[in-house]
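Visitor: 3D, please:
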Amino acid sequence: MNTNSKKYIRRWGAGMLAAGILLGGTGILNADITEAAPATVQAKSKSSSVVLKVNGKSTALTGLLQEGKVWVPVTFLRDALGMPLSYDKAGKTYTIGTGAAQTKLVLSEYGIAIKVNNYYINEYDVKQQNNRLYVPSQLINDYLGYKVDWNAAAGQLNLTKRTQNAITIKTVSYVKDHKDAPVRLDYPQVSGLASAEAEKAINDTIKQTVLKFAAESEDVISKRQKDEQPYEFEGGYVVTYNQDGVLSLVTNQYEYTGGAHGMTYRNAFTFSLKDGKRLLLGDLFGANPNYKKQLNSKLTTELKAHGGYLGGFTGLNTEKYFYLKDGKAVLFFQLYEYTVYAAGFPEFDFSFKELLPDGSSPFTALK
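Guide: Numbers count the residues shown, from 1 in each chain. From the prediction side, this is the model:
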């Protein structure tokens with residue numbers, strides 16, 4: 001996930017896309033085509049049709065296989081998966097779904113940005129083809145609560161609802177409308193846990209981290225000179241794993257106080273819902289006494305091969321900068337920590353299987 005989104009979004013304004021061209025289908029989401037779609041979204045290449053299934057049953061809508069990826073029409077999320085879908089004309093934004101998985105597609109002449117809970121998802125693109133808007137199937141798999149299985153031989157994509165922890169995740173916002181220095185920080189708070197103590201521990205850990213950034217932002221704002229350009233402070237989060245009695249999520253806090261670009265700070269939290277403990281890598285992969293050696297070896301190799309590597313990596317100095325996704329742990333480093341700013345947050349995937357003995361689970365000790 002790179003850090004150019006805010007600078008990218010800030011340029012938007014003129015020549016916004018007409019809403020109706022992108023959804024197709026019927027109803028109020030259709031409109032006459034009044035402007036051309038952005039070149040970055042219109043790009044076409046050879047594609048083939050994909051059968052879209054839900055729980056093994058074929059649906060009327062079809063996807064696209066293009067550029068080695070399966071793309072799913074936004075209307076499929078509404079019509080086949082039952083996700084609410086709306087369009088805000090003033091903000092040129094489509095909103096899909098509800099709760100902690102609610103996703104927004106923000107349109108402009110420069111392209112389409114994806115964000116979940118004010119958190120920009122930059123590793124995935126959005127495609128417009130044949131007057132329809134498509135999202136990659138991996139976005140649905142990673143963030144929208146469905147498991148996606150691709151059968152390349154049959155040209156079929158099957159989606160099944162994930163069995164997630166029986167908890168509620170609510171977005172809370174810290175908002176201060178300072179003149180020329182707005183602050184909006186969205187963060188999650190959970191409820192419905194069996195243990196009130198665990199629930200409080202999780203919520204306090206997240207809240208304290210966000211409010212620490214808020215306090216630092218307020219201090220910076222108090223020292224701002226009236227003739228300085230406007231400042232901006234934003235934050236969001238995304239849930240990456242909510243199964244097996246474990247909750248994993250990532251938060252970003254962004255600040256712009258002048259200069260060529262702003263600065264983004266990332267935190268990740270993985271909790272045991274049983275006792276509210278914030279889990280470290282050793283809590284999950286300690287069954288392998290060499291897990292840290294394996295991580296450091298692979299990270300050393302991949303960081304050196306990573307574009308923009310500045311040097312200096314000698315091994316992990318914290319076990320907090322990771323989050324979980326389906327079957328894997330994703331480790332990351334902060335901006336400028338070992339790479340140039342333009343490289344964004346370097347991320348490296350490690351499957352559970354490569355870090356643990358055969359047949360073992362990272363969650364065994366948490367039961």
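
Visitor: Give the buried residues for stretch 252-266.
Guide: Of all the residues in stretch 252-266, those buried under the rule 16 or more other Cβ atoms under 10 Å are 252, 253, 254, 255, 256, 257, 262, 263, 264, 266. Backbone N, C-alpha and C define where each C-beta goes, glycine included.

Visitor: Centre-most residue in the protein?
Guide: With distances taken as Cα atoms, centre = their mean, residue 121 lies nearest the centre of the chain, 4.3 Å away.

Visitor: give me every residue that touches the closest residue to that one other than its chain neighbours.
Guide: Closest residue to residue 121 apart from its sequence neighbours, by Cβ to Cβ, 6 or more residues apart in numbering: residue 114 at 4.4 Å. With contact taken as Cβ atoms under 8 Å, 6 or more residues apart in numbering, residue 114 is in contact with 103, 104, 105, 106, 120, 121, 122, 124, 126, 135, 139.

Visitor: Now, the residues you listed that are in strands?
Guide: Residues from those lying in strands, with DSSP state E as the criterion: 103, 104, 105, 106, 120, 135.

Visitor: Put together TSV for those, with distance to residue 351, pLDDT and neighbour count on each row.
Guide: Output for the ones in strands among the contacts of residue 114, formatted as TSV (distance: Cβ to Cβ, whole Å; pLDDT from 0 to 100; neighbours: other Cβ atoms under 10 Å):
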residue	distance to residue 351	pLDDT	neighbour count
103	26	94	22
104	30	94	19
105	30	95	19
106	33	92	20
120	26	90	25
135	25	95	24
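
Visitor: Now the two most distant members of these.
Guide: Spatially, the most separated pair among these is 120 and 135, at 14.5 Å (Cβ to Cβ).

Visitor: quick check: domain ranges of this structure?
Guide: With automatic domain parsing serving as the domain definition, the record reports that the chain contains domains spanning 5-161, 168-366.

Visitor: show me where pLDDT drops low in this protein?
Guide: 1-45 (pLDDT under 70).

Visitor: wait, is residue 359 part of a helix?
Guide: No - looking at residue 359 with DSSP: H, G, I helix; E, B strand; the rest coil, it is coil, so not inside a helix.

Visitor: and it, how far is that from residue 289?
Guide: Look at residue 359 and residue 289: by Cβ to Cβ, to the nearest Å, they are 17 Å apart.

Visitor: returning to what we had before: and the contacts of residue 114, which is closest to residue 49?
Guide: Comparing the contacts of residue 114 against residue 49 with Cβ to Cβ places residue 135 closest, at 16.7 Å.

Visitor: Quick check: of the buried residues of stretch 252-266, which lies closest to residue 320?
Guide: Each of those was checked against residue 320 using Cβ to Cβ; the closest is residue 266, at 10.7 Å.

Visitor: re the thing from before, the residue nearest to residue 121: which element?
Guide: With elements delineated by DSSP states H and E, residue 114 resides in strand 111-116, which encompasses its position.

Visitor: With only the CA atoms kept, save that strand in CSV.
Guide: The C-alpha trace of strand 111-116 is given here as CSV (Å, rounded to 0.1, in the frame of the first residue of the first chain):
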residue,chain,number,x,y,z
GLY,A,111,-9.0,7.3,-11.6
ILE,A,112,-10.9,5.5,-8.8
ALA,A,113,-9.7,5.2,-5.2
ILE,A,114,-10.8,2.4,-2.9
LYS,A,115,-11.2,3.0,0.8
VAL,A,116,-12.6,1.0,3.7
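
Visitor: quick one: strands adjacent to that strand?
Guide: strand 103-108 (antiparallel), strand 119-120 (antiparallel) (DSSP bridges).

Visitor: what's the closest of these to residue 293?
Guide: Closest of the strands paired with strand 111-116 to residue 293 is strand 119-120, at 32.6 Å (criterion: Cβ to Cβ).

Visitor: following the closest one, which helix or strand shows up next?
Guide: Per DSSP H and E, strand 119-120 leads on to strand 127-129 as the next helix or strand towards the C-terminus.
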